[in-house]
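J.: give me a 3D structure for the following:
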Amino acid sequence: MSKLSTHNQIIPSRESLAPILAQYGILDFNFLIDPNGVENTTFILTTPQDRYALRVYRQRRRTEEEILLEIDYINYLIDYKIPVPRIIKNQNNQFLTKTKIDSMQWFSVLMEFIEGIHPKYYTKSLLKEFAEIQARMHALAVNFKSDYIITLPKCDTGEKIKDFLFTDLLSVDQIDLSKIKNNNIKNFIGRARKFSFKVGNLPLGIIQKDIHAGNLLTENNKLKGVLDFDDLFWGPIIASVGFFLWDVFARNGDLQSLHYYVDKYSKFRKLTPKENYILKDMLLLRNYIMGTVEFLTGGDETHRKFLFPMKKYFEMEENLQDFEES
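T.: Numbers count the residues shown, from 1 in each chain. Predicted coordinates for the structure are as follows:
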């Protein structure tokens, strides 16, 4: 998978990783790059004793306090038996490791390695299982506390939230439409720029808006782990539901799977009428965001893929217009 802002990512070499891992007492290791994710770089490490996942945060993305907030949140979920990978402390008894390499300081965390595969299709049993877990996560989010919570990005639901959820990497308004040669892509990006909606009064909480198949691990059709809490923010909880449902629709291709998930989710956290009403807007917004990422990583060539060919985003945009939740 292509990375955004590649010049700010750590060089994937033994020389780069050795000073980081030395702080855990790990000297003998082999590594592979996890192909998932565009924000940071994750390495799968093999040592004579065990396997680990090492995440190295890209430069100029997260402050130290923001990463410490993410760590606090993960530990909070672990306390409530949510299946997330345990973060391992370094030799200084710290969860966050700071390493200076060639005058640049890198932040990293070492995590337990969870065996599993990323689902290519969501079965009913998997949807049912994750619906309960995500609903529980959202219910727990209301009571989460941390000394670093002041650093959390906040979304004022009285305002339009398109720009907030697009984030700094995905500023669709800065794309020069005149330089896009493919008319289908140009029109899609144009619609993404114009798309907006009022959020109104919605339940708020601390959520992870970027849960998708690449951040889920399964084994024998059972959920093994939820990964990557880099995109925490304070805002409408329904954004997290809608963004995940976009991935369900992208992989399953039917609206019935979305209705099934909402039904199972609502047994543990009932959606408000306003959340039901705005769910389609969240699905469309996610489609514009992911289509924009596809364009930014692949350009005018519609056959190149970040996740899917550009044609799929056009088709999903049209088909999602038929989604209505009761």
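J.: if I look at Leu17, how far off is Phe323?
T.: For Leu17, the distance to Phe323 (C-beta to C-beta, to the nearest Å) stands at 44 Å. Glycine gets a C-beta too; all of them are placed from N, C-alpha and C.
J.: between those two, which one's more packed in?
T.: It is Leu17, of Leu17 and Phe323, that has more neighbours when counted by other C-beta atoms under 10 Å, with 22 against 15.
J.: touching, the more buried one and Asn30? I think so.
T.: No - applying C-beta atoms under 8 Å as the test, Leu17 and Asn30 come out as separate, 10.3 Å apart.
J.: pretty sure Leu110 is in contact with Ile87, am I right?
T.: Yes - the pair Leu110 / Ile87 is scored as a contact, 7.2 Å apart, by C-beta under 8 Å.
J.: between those two, which has more neighbouring residues?
T.: Neighbours around Leu110 and Ile87, counted as other C-beta under 10 Å, are more numerous at Leu110. The numbers are 24 against 18.
J.: the more buried one sits in which helix or strand?
T.: Assigned by DSSP states H and E, Leu110 falls within strand 104-112.
J.: which residues sit against that strand?
T.: Outside of strand 104-112, the residues that reach it under the criterion C-beta atoms under 8 Å, 6 or more residues apart in numbering are 10, 20-21, 24, 52-57, 59, 62, 64, 67, 71, 85-88, 90, 95-100.
J.: can you give the strand pairings for it, parallel or anti for each?
T.: Here strand 104-112 is paired, per DSSP bridges, with strand 51-56 (antiparallel), strand 87-88 (antiparallel), strand 97-101 (antiparallel).
J.: and the next helix or strand past it?
T.: Proceeding N to C from strand 104-112, the next assigned helix or strand is helix 124-141, under DSSP H and E.
J.: for that next one, buried residues please.
T.: By 16 or more other C-beta atoms under 10 Å, the buried positions in helix 124-141 come out as 126-131, 133-138, 140-141.
J.: so what pLDDT did the closest residue to Asn30 other than its chain neighbours get?
T.: If the residues on either side of it in the chain are set aside, Asn30 comes closest to Thr46, at 4.7 Å by C-beta to C-beta, 6 or more residues apart in numbering. The pLDDT attached to Thr46 in the predicted structure is 97.
J.: packing partners for the lengthiest helix in the chain?
T.: Secondary structure of the chain per DSSP state H: the longest helix is helix 273-298. With contacts defined as 3 or more C-beta pairs under 8 Å, 6 or more residues apart in numbering; DSSP states H and E, helix 273-298 has these neighbours: helix 162-166, helix 183-194, helix 237-252, helix 310-319.
J.: of those helices, flag the one that's most buried.
T.: Each of the helices and strands packed on helix 273-298 was assessed for mean neighbour count using mean count of other C-beta atoms under 10 Å. The highest is helix 237-252, with a mean of 23.
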